[in-house]
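Undergrad: everything below, folded, please.
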Amino acid sequence: MNFAFLQLGVDRDRHLAKVLVHSIREHHKDAVIYQISNLTTPEVGDVDSVIRIPITEGMMTFRMASYEYLPKEVIYFDTDVVIQSNLEHVFDDDFDVAFTKRNSPIKTKEEDLTEDMPYNGGVVFSRNKDFWRDCHEVCKSLPLRRQNWFGDQIAMAIVSKAGKYKVKEFPVEYNFSPKNFTEDVSSMKIVHYKGERKVWMAVKYQELLGVNINVIRESA
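TA: Modelled structure (predicted):
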């Protein structure tokens, strides 16, 4: 079973990625794990392959293009994710791509992006590269600021709504973000410590980080 994550630079997410990799290995003994990086990012460790791609476009556009280098059937994660269950069953269903819908609004100080980004891109189940080629083309057409941030999720929504591909929606327990540090997440298959929750993830799994917890706090 194939898993992938994107890691660029030497920052706190590199440390969190160690927890992601550990959690994949814990629940999938035959896992093949791919780290997607640029030409200089260090290997996280315990991965099967580091795929190095020069970055010549916006970060989110680059992310869409990176699917071309991965196996056809793969689960792609953000680095601030913890796997809590075996996921082999997800590919029993018939789909080109599968996502989880957001269960809360996404807003910045300037705008409400909830309608434009219904799917959270932190956990993606994929078995059709053509979907991502289309997303890449859409992302390249967006303003540069979107190509660097949010453009991937906007493109995912646009291509999904076009109806060309079979898109499945998994329930929230496949990409759950807790509301507070003490919330019980034991029944969730995948926990996503996005945003400020990264520090919570670090505290919960500090024995696996291999770095002083203050490194995570100071970069939050």
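Undergrad: ranges for the helices of this structure?
TA: Here the chain has its helices, by DSSP state H, at 12-27, 59-66, 129-140, 144-148, 151-161, 197-204, 206-209, 213-218.
Undergrad: closest to F77 out of the ones you listed?
TA: Distance to F77, taken as C-beta to C-beta, is lowest for helix 12-27 among those, at 6.1 Å. For glycine as for every other residue, the C-beta is placed from the backbone atoms N, C-alpha and C.
Undergrad: isn't L6 up against Y34?
TA: No - look at L6 against Y34 with C-beta atoms under 8 Å: they stay out of range, at 9.7 Å.
Undergrad: ok, back up a step: T100 is nearest to which of the helices of the chain?
TA: helix 151-161 (11.7 Å).
Undergrad: quick one: distance of that closest one to the chain centre.
TA: Computed by C-alpha atoms, centre = their mean, to the nearest Å, the chain-centroid distance of helix 151-161 equals 15 Å.
Undergrad: and if you look at stretch 46-56?
TA: On C-alpha atoms, centre = their mean, the centre of stretch 46-56 falls 15 Å from that of its chain.
Undergrad: with stretch 174-187 instead?
TA: Counting by C-alpha atoms, centre = their mean, stretch 174-187 comes out at 17 Å from the chain centroid.
Undergrad: for the residue nearest to L144 when sequence neighbours are not counted, give me its contacts.
TA: Spatial nearest neighbour of L144, chain neighbours left out: G58 (6.3 Å); criterion: C-beta to C-beta, 6 or more residues apart in numbering. Going by C-beta atoms under 8 Å, 6 or more residues apart in numbering, G58 touches C139, L144, R146, Q147, N148, G151.
Undergrad: isn't Q147 right up against S141?
TA: No - judged on C-beta under 8 Å, Q147 makes no contact with S141 at a distance of 9.1 Å.
Undergrad: and these two? Which one has more around it.
TA: More neighbours surround Q147 than the other of Q147 and S141, with 23 against 13 (other C-beta atoms under 10 Å).
Undergrad: tell me, how many residues neighbour I106?
TA: Around I106 there are 16 residues (other C-beta under 10 Å).
Undergrad: and for the one 5 residues further on?
TA: Neighbours of E111 under the rule other C-beta under 10 Å: 9.
Undergrad: just to revisit the earlier point, so which of the helices of the chain comes closest to V81?
TA: Minimum separation from V81 across the helices of the chain (C-beta to C-beta) falls at helix 12-27, 5.4 Å.
Undergrad: who does the closest one touch, helix- and strand-wise?
TA: Applying 3 or more C-beta pairs under 8 Å, 6 or more residues apart in numbering; DSSP states H and E, we find helix 12-27 packed against strand 2-6, strand 32-37, strand 81-83, helix 197-204, helix 206-209, helix 213-218.
Undergrad: which one of these lies nearest to A157?
TA: Of those, the one closest to A157 (C-beta to C-beta) turns out to be strand 2-6, at 19.3 Å.
Undergrad: tell me the angle the closest one makes with helix 12-27.
TA: 170 degrees (axes from the mean of the first three to the mean of the last three C-alpha atoms, to 10 degrees).
Undergrad: so for the longest strand belonging to the chain, what gets flagged as buried?
TA: Longest strand of the chain, by residue count under DSSP state E: strand 119-126. Neighbour-count burial for strand 119-126, counted by 16 or more other C-beta atoms under 10 Å, picks out Y119, N120, G121, G122, V123, V124, F125, S126.
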